[in-house]
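Participant: Would you be able to build a 3D model of this:
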Amino acid sequence: MKNNLNNNGQIKILLFEDNPGDARLFIEAIRDISSTLYKTIHAESLSQGISILDEQRIDSIMLDLGLPDSQNIESLIKLKSQVLGCDFDR
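Facilitator: Below you'll find the model as predicted:
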């Protein structure tokens, strides 16, 4: 993941969230921040989000630690391992 903004000035956020209500709440809350343009991409599972990361450049990640295919700190460990190709020390 690169730290700079996308060409259109938007910050792309990948939201890992399996609860549709929580995802909607996050998306609505982020829309209320008028000083910056945000684009939220929603993934309902860790595996879906990792696939998105393989295909798109993302600026920021919001990670639910209770996903259907991964729970607790293991979600972060798997995500870091897949995306960065390195181990995560607990």
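
Participant: helices or strands next to the worst-scoring helix or strand of the chain on mean pLDDT in the packing?
Facilitator: In the chain, no helix or strand scores lower on mean pLDDT, DSSP states H and E than helix 73-84, which sits at a mean of 86. If you count contacts as 3 or more C-beta pairs under 8 Å, 6 or more residues apart in numbering; DSSP states H and E, helix 73-84 packs onto helix 46-55, strand 60-63. Heads up, the C-betas are built off the backbone N, CA and C, glycines and all.

Participant: Would you format the ones you listed as JSON lines with distance to Phe16, mean pLDDT and mean neighbour count included?
Facilitator: Below are those laid out as JSON lines (distance: least, C-beta to C-beta, whole Å; pLDDT from 0 to 100; neighbours: other C-beta atoms under 10 Å):
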{"stretch": "helix 46-55", "distance to Phe16": "5", "mean pLDDT": "93", "mean neighbour count": "16"}
{"stretch": "strand 60-63", "distance to Phe16": "5", "mean pLDDT": "94", "mean neighbour count": "15"}
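
Participant: among these, which is nearest Ser70?
Facilitator: Checking these against Ser70 by C-beta to C-beta gives helix 46-55 as the closest, at 4.2 Å.

Participant: Which strands and helices lie in contact with that closest one?
Facilitator: Helix 46-55 is packed against strand 11-16, strand 38-43, helix 73-84, with contacts defined by 3+ C-beta pairs under 8 Å, 6+ apart.

Participant: Pick the most deeply packed of these.
Facilitator: Ranked by mean neighbour count under mean count of other C-beta atoms under 10 Å, these are led by strand 11-16, which reaches a mean of 20.

Participant: picking up where we left off before, what angle sits between the least confident helix or strand of the chain and helix 46-55?
Facilitator: 20 degrees (axes from the mean of the first three to the mean of the last three C-alpha atoms, to 10 degrees).
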